[in-house]
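K.L.:
Starting from these lines, generate the structure:
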Amino acid sequence: MPQHVCNGAVLTCSFGLAPGQLTVLPVERVLTSNQPAATIMDHQPLLNIGTFGMCTSPANPTVASATAAALGVLTPMPCIPRL
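P.N.:
Residues are numbered from 1 along each chain as shown. Have a look, this model is predicted:
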């Protein structure tokens, strides 16, 4: 049985500094408790999953580059969700 997440759900990234929000797209929409809902397959970064503020992951290439430019001082960069 598929699991659903309602429109407007608050999403977090363990390395992001702010929560993002889920926007259910009108394509193949299902309803849960009379609310538009999405499944795990409905992920489209920057389309229906908002950004998570600033990223602090050293594995993120833009964070690594900015941190290297700051002589090793962790430098957060914009957090963009990816697949």
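K.L.:
Now do the helix-or-strand element of the chain with minimal mean pLDDT: everything it contacts.
P.N.:
Of all the helices and strands that make up the chain, strand 30-32 has the lowest average by mean pLDDT, DSSP states H and E, namely a mean of 82. For strand 30-32, contacts defined as CB atoms under 8 Å, 6 or more residues apart in numbering pick out His4, Cys6, Pro36, Ala37, Thr39. Placement of C-beta: from N, CA and C, glycine included.
K.L.:
what's the answer for stretch 15-26, then?
P.N.:
Under the contact criterion CB under 8 Å, 6+ apart, stretch 15-26 has outside partners 5-13, 36-38, 42, 44, 47-57, 60, 76, 79, 81.
K.L.:
Stretch 41-51 now?
P.N.:
Residues contacting stretch 41-51 (CB under 8 Å, 6+ apart): 11, 16, 18, 20-25, 28, 38, 78-83.
K.L.:
Could I get the full set of strands for this structure?
P.N.:
In chain order, the chain shows strands spanning 5-6, 10-11, 20-21, 30-32, 35-38, 54-55, 77-78, with DSSP state E as the criterion.
K.L.:
So which of the ones you listed is nearest Ala66?
P.N.:
With CB to CB as the criterion, Ala66 lies closest to strand 77-78 of the strands of the chain, at 5.3 Å.
K.L.:
ok, the closest one: who's next to it in the sheet?
P.N.:
Each strand pairing with strand 77-78, determined using DSSP bridges, is listed with its direction: strand 54-55 (antiparallel).
K.L.:
that older thread, now the strands of the chain in CSV, with mean neighbour count and distance to Ser65?
P.N.:
As requested, the strands of the chain are arranged in CSV below (neighbours: other CB atoms under 10 Å; distance: least, CB to CB, whole Å):
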stretch, mean neighbour count, distance to Ser65
strand 5-6, 16, 33
strand 10-11, 12, 26
strand 20-21, 16, 23
strand 30-32, 13, 41
strand 35-38, 19, 33
strand 54-55, 18, 12
strand 77-78, 15, 8
